[in-house]
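[1] can't give you the sequence, but here's the structure:
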Ligand SMILES: Nc1ncnc2c1ncn2[C@@H]1O[C@H](COP(=O)(O)OP(=O)(O)O)[C@@H](O)[C@H]1O
Ligand SMILES: N[C@@H](CCC(=O)OP(=O)(O)O)C(=O)O
């Protein structure tokens, strides 16, 4: 239990992920706000000088391209957003390279997709790259690889990406910087809305009104920030949410913004993504025996326990595993296409091997690729 965690834990952290949102890096006209970028870089460089490894998750690629591409605002169609991200990301990283260079620090760009946080091989690969960058004293600068993400599997916002990077990078704390100085009990523009100083348990969030409508350039608003907070705190990582101007104060443990205390034990980023964030491409219905085995924790899903298949998924997609009443028991990466499964249902692995040969006797969802969903009740 880490019930006594405080802001001082953020100040003591050996490794911190700092996420800055589009809303804090752009002016009202949608242009990249260089003063804001330089102010952030100064704070991050100071922490590096003090011995803390800081990983930066930064939005702003799409926003940075609005003016150069002559767009009227943030693009809404995927293709233009991809093109804008491609143009803006180069500009963004050039600015960071220059700004950190002024403080004697090198930067390394890492562009991730949601799949990099889910698929074991890619997850390990990203983890290794991050680890090596930090060993070399390089500031990793991370963003979603917007130019190649697909609509089906993407973060869209950088809040949840930052929480998963905290896990992937084994960070001790996460600082979310936005355009408001913390979580309010209702939309901050509402008269009388009050900032919440600390959140220690789920009950502290009862009655709080959050909206997914953020600033004109941001994505996800407070909803994705609270999802990010849940992903981080539910497995041991404390979070401070505040505005960019208070970044230094947050990193040195001062009483700023909203502090979210951690609870739960650490889990891998891929399990967290599966549990909290990924969109399922289909559903697999299981019988009572399989449901009990899955609830027990360490079981894989075998074809023998499946009674139904819904949706048009492919091998490697995320699926919900549901009981016959439709309640979601678990989520996982499925090892077969939806079209392959019906003929396999109800058969034991020995029968499958005999009927279809080697390869068809594999788990439908391997336990390493599966996370049991705890009931929200
Ligand atoms: N309860 C709340 N407390 C604080 N901010 C909120 C709340 N509900 C909605 N918001 C909005 O969330 C916005 C931040 O989200 P967003 O624009 O996506 O930022 P970013 O680009 O930094 O990720 C704020 O501008 C604020 O208006
Ligand atoms: N990856 C996108 C950022 C998406 C975004 O705006 O996220 P957020 O800053 O969390 O509102 C970009 O660089 O433009």
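    Sure thing, it's come through. Keep in mind the model is a prediction, meaning the values are calculated, not measured. Residues are numbered from 1 along each chain as shown. Ligands and ions are numbered 1, 2, ... in the order given.

[2] how about the helices of the protein, start to end?
    7-12, 22-25, 34-49, 61-65, 78-102, 114-118, 120-135, 159-168, 221-233, 247-251, 269-276, 288-295, 349-356 (DSSP state H).

[3] dump the residue contacts of residue 321.
    283, 284, 286, 294, 301, 328, 329, 330, 331, 332, 365, 370 (C-beta atoms under 8 Å, 6 or more residues apart in numbering). No exception for glycine: its C-beta is placed from N, CA and C like everyone else's.

[4] please redo it, this time with the cut-off set to 7 Å
    284, 286, 294, 301, 329, 330, 331, 332, 365 (C-beta atoms under 7 Å, 6 or more residues apart in numbering).

[5] report the beta-bridge partners for it.
    residue 284, residue 330 (DSSP bridges).

[6] how close does it get to ligand 1?
    32 Å (C-beta to the nearest ligand atom, to the nearest Å).

[7] same deal with residue 115?
    In terms of C-beta to the nearest ligand atom, residue 115 sits 22 Å off from ligand 1.

[8] again with residue 52
    If you go by C-beta to the nearest ligand atom, the gap between residue 52 and ligand 1 works out to 22 Å.

[9] same thing with residue 367?
    35 Å.

[10] residue contacts, that residue?
    Contacts of residue 367 (C-beta under 7 Å, 6+ apart): 298, 299, 300.

[11] domain parsing of the chain, as residue ranges.
    7-274, 280-372 (automatic domain parsing).

[12] flag every buried residue along stretch 173-192.
    173-185 (16 or more other C-beta atoms under 10 Å).

[13] so how far is that stretch off the chain centroid?
    19 Å (C-alpha atoms, centre = their mean, to the nearest Å).

[14] can you check stretch 241-257 too?
    With C-alpha atoms, centre = their mean as the basis, the mean position of stretch 241-257 lies at 21 Å from the chain mean.

[15] hmm, who's touching that stretch?
    7-8, 10-11, 16, 18, 20, 24, 36, 40, 43, 46-47, 175-183, 225, 229, 240, 258.

[16] for it, which positions count as buried?
    Quick answer for stretch 241-257 (16+ other C-beta under 10 Å): 241-254, 256-257.

[17] what mean pLDDT does it get?
    The average pLDDT within stretch 241-257 is 97.

[18] check residue 315 and give its pLDDT.
    88.

[19] help me confirm that it comes into contact with residue 338.
    No - contact between residue 315 and residue 338 fails when scored by C-beta atoms under 7 Å: they sit 9.3 Å apart.

[20] coming back round to it: and of the helices of the chain, who's closest to residue 198?
    Nearest to residue 198, of all the helices of the chain, is helix 7-12, at 8.7 Å by C-beta to C-beta.

[21] give me the pLDDT for the spatially closest residue to residue 347 that is not a sequence neighbour.
    Spatial nearest neighbour of residue 347, excluding adjacent residues (C-beta to C-beta, 6 or more residues apart in numbering): residue 303 at 5.5 Å. If you check residue 303, the pLDDT there is 90.

[22] likewise residue 88?
    94.

[23] then residue 374?
    pLDDT at residue 374 comes out at 60.

[24] now residue 217
    65.

[25] now do residue 45
    pLDDT for residue 45: 98.

[26] over to residue 377?
    Model confidence at residue 377 (pLDDT) stands at 31.

[27] next, count neighbours for residue 121.
    8 (other C-beta atoms under 10 Å).

[28] can you tell me how far it is from residue 170?
    Per C-beta to C-beta, to the nearest Å, residue 121 is found 18 Å from residue 170.

[29] quick check: residues of the chain near ligand 1?
    With C-beta under 6 Å from any ligand atom as the criterion, the chain comes near ligand 1 at residues 21-24, 59, 159, 178-180, 183-184, 186-188, 208-211, 214-215, 218-222.
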